[in-house]
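[1] Here you go, sequence then predicted model.
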Amino acid sequence: MPESPLPNRPPEFRVTALHSRHLALGAVMASFSGWNMPLWYMAGAVKEHLAVIRDAGLFDTGHMDIILLSGEKVREFLNFACTRDISALPPRRAAYGAFLDQRGHCLDDAVIYPLNGGRYALVVNAGMGPAIRHHLALLPEAAGIDIREPAGRLAKLDLQGPASAAILGEILDQAEQVLPELSFFSFKGDFDLAAGGVRLKDGTPILLSRTGYTGELGFEIFLQPEQAGRVWDHLLQAGKPKGLLPCGLAARDSLRTGAVLPLCRQDIGDWPFINHPWESALPLTKDEPLSFTKDFVGRNALDRAAAPHTLPFAGFDQRRVDPHTAKVVQAGRECGTILTIVTDMAIGRTDGAITGLSSPERPENWTPRGLACGFVKVDRRLEAGTQVTLKDGRREIKAEIVRDIRPNRSARARHKISRTT
């Protein structure tokens, strides 16, 4: 049965199907996009972060919204509505893109799933389903396109980390056939779960996606809310010998930042959606000067926009500044602000270079001390290797503009599963 919210829960918060599980595990809860979500559990955010790098972590992401689209010309419509060129996106391959307004500003980013029968699904951020549905429906090209939510909200679990495939293999039906076929950003099943043909050993129908928000090898599991608690318990039990920990939003934030993944309305904000590290979401030519290869909503504005630059950075130790008040200074001149700053405890510096727990060249018996890292928004392009100073009212720290942050991430790695008996 679905789990009931506690009577003393503030009425303005929504809860996922796993709310009572979080409380039973001692999670520290907080409001996030109108949902009451776990920040961290008893192990703490640092151990949760490291568990995903070394072993595995399990996240409740049931707050995300889903939109379904269908219609005779749905592919053409979605290809125009979204920044990503999906015209040649094959079945069972997902893609990351963004939805812009006429100013070229991002309304939300999404993962796009092409389904059987010419249908598509969008997984958008928490609370953004109604806004994106409304935006899409108002486009003149939306005539004849059906835009709706699934019949009933789905739950979603994210199993992330190098041991995730082995753990999932313990509870997935026909795992030795299903998992080896899942490459990065591919999926099996359908958002009409019963028709998708992918099930767990106990018969639970799921959609299984080789995606995630950590930069590490992992899977996203969509399922009915009334089955989420049982599957959560089974995964924790199967993963306990392999180092699996339940993980909250704090570890999710530090992991995604170290993997150079944006948080919409923070790293992607109310400014033109260009000059950032996520160029794969835009239909750009490969050669300089860059130009767009297709038309999309907001393109005309981006063609003529003078936009700030969003750039990843890494510090030289754990120290951080207040992102709400800090300024970015380069060559003695204030040039921008901080969008995100966290500490990735799986990285450090050796001879000045960023080294991670997964780096093959890391020194023997090396333990990272962690580095401050994140994204800055500056008024001009700064090349990788440029030194900047981050200053708030209390302190200043040195940082370096980088192309990447946490090296040797496992998201694209080939996965192995344990043979089950």
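    Ah, there it is.
[2] Which residue ranges of the stretch 151-300 of the chain form helices?
    All helices of the stretch 151-300 of the chain, identified by DSSP state H, counting those that start in this stretch, fall at 164-169, 175-178, 193-196, 225-239, 249-258, 299-303.
[3] As TSV, those with mean pLDDT and mean neighbour count would be great.
    To be clear about C-beta, it is placed using only N, CA and C from the backbone, and glycine gets the same treatment. Formatted as TSV, the helices of the stretch 151-300 of the chain follow (pLDDT from 0 to 100; neighbours: other C-beta atoms under 10 Å):
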stretch	mean pLDDT	mean neighbour count
helix 164-169	98	25
helix 175-178	96	15
helix 193-196	96	15
helix 225-239	98	18
helix 249-258	98	25
helix 299-303	94	16
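[4] do you know which of those lies nearest Leu25?
    Closest approach to Leu25 among the helices of the stretch 151-300 of the chain (C-beta to C-beta): helix 225-239, 8.9 Å.
[5] Indicate which one of the helices of the stretch 151-300 of the chain is closest to Ser87.
    Using C-beta to C-beta, the nearest of those to Ser87 is helix 299-303, at 15.0 Å.
[6] contact partners of the closest one?
    If you take C-beta atoms under 8 Å, 6 or more residues apart in numbering as the criterion, helix 299-303 is touched by Leu100, Gln102, Arg103, Gly104, Pro272, Phe273, Ile274, Phe292.
[7] What is the nearest of those residues to Ala166?
    Closest to Ala166, out of all of the contacts of helix 299-303 and judged by C-beta to C-beta, is Phe273, at 38.0 Å.
[8] if we can go back for a sec, weed out the non-buried ones from the contacts of helix 299-303.
    For the contacts of helix 299-303, a burial check counting by 16 or more other C-beta atoms under 10 Å picks out Leu100, Gly104, Pro272, Phe273, Ile274.
[9] The first one touches Ala305, doesn't it?
    Same thing as Leu100. No - the criterion here is C-beta atoms under 8 Å, and Leu100 misses it with Ala305 at 10.9 Å.
[10] if we can go back for a sec, would you turn the helices of the stretch 151-300 of the chain into TSV with distance to Phe59?
    Shown next, in TSV, are those (distance: least, C-beta to C-beta, whole Å):
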stretch	distance to Phe59
helix 164-169	11
helix 175-178	21
helix 193-196	20
helix 225-239	10
helix 249-258	6
helix 299-303	33
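[11] Okay, and Leu136 sits in which element?
    Using DSSP states H and E, Leu136 maps to helix 129-138.
[12] just checking, what packs against that helix?
    In terms of contacts (3 or more C-beta pairs under 8 Å, 6 or more residues apart in numbering; DSSP states H and E), helix 129-138 is packed against strand 65-70, strand 95-100, strand 106-114, strand 146-148.
[13] Take it, keep the C-alpha atoms, and write them as PDB.
    Below are the C-alpha coordinates for helix 129-138, written out as PDB (Å, rounded to 0.1, in the frame of the first residue of the first chain):
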ATOM      1  CA  GLY A 129       5.600  19.500 -15.200                       C
ATOM      2  CA  PRO A 130       2.700  21.900 -15.300                       C
ATOM      3  CA  ALA A 131       4.900  24.800 -16.500                       C
ATOM      4  CA  ILE A 132       6.500  22.900 -19.300                       C
ATOM      5  CA  ARG A 133       3.200  21.300 -20.400                       C
ATOM      6  CA  HIS A 134       1.700  24.800 -20.500                       C
ATOM      7  CA  HIS A 135       4.700  26.200 -22.500                       C
ATOM      8  CA  LEU A 136       4.500  23.400 -25.000                       C
ATOM      9  CA  ALA A 137       0.800  23.600 -25.500                       C
ATOM     10  CA  LEU A 138       1.000  27.300 -26.300                       C
END
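[14] And the contacts of it?
    Counting by C-beta under 8 Å, 6+ apart, 65-67, 69, 81, 99, 101, 107-108, 110, 122, 124, 142, 145, 147-149 sit against helix 129-138.
[15] mind running it again at 7 Å?
    Asp65, Ile66, Ile67, Ala81, Phe99, Leu107, Asp108, Val124, Ala142, Ile147, Glu149 (C-beta atoms under 7 Å, 6 or more residues apart in numbering).
[16] From these, list the buried ones, please.
    Here, 16+ other C-beta under 10 Å leaves Asp65, Ile66, Ile67, Ala81, Phe99, Leu107, Asp108, Val124, Ala142, Ile147 buried among those.
[17] in stretch 354-372, what's buried?
    In stretch 354-372, counting by 16+ other C-beta under 10 Å, buried: Ile354, Thr355, Gly356, Leu357, Ser358, Ser359, Arg362, Pro368, Gly370, Leu371, Ala372.
[18] so the fourth one touches Arg369, yeah?
    Pointing back at Leu357 there. No - if you go by C-beta atoms under 7 Å, Leu357 and Arg369 don't touch, sitting 11.7 Å apart.
[19] separation between the residue in the chain sticking out farthest from the centre and Arg394?
    Most distant residue from the mean C-alpha position of the chain: Gly332, 35.0 Å away (C-alpha atoms, centre = their mean). Gly332 is 20 Å from Arg394, where distance means C-beta to C-beta, to the nearest Å.
[20] circling back to that earlier point, mind putting the buried ones among the contacts of helix 129-138 into CSV with pLDDT?
    Formatted as CSV, the buried ones among the contacts of helix 129-138 follow (pLDDT from 0 to 100):
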residue, pLDDT
Asp65, 97
Ile66, 98
Ile67, 98
Ala81, 98
Phe99, 98
Leu107, 98
Asp108, 98
Val124, 98
Ala142, 97
Ile147, 98
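[21] Okay, now the unreliable bits of the stretch 301-421 of the chain?
    417-421 (pLDDT under 70).
[22] which residue is nearest the middle of this protein?
    So for the chain, C-alpha atoms, centre = their mean, it's Tyr213, sitting 2.9 Å from the centre.
[23] so who does that residue touch?
    Asp158, Arg252, Arg256, Leu261.
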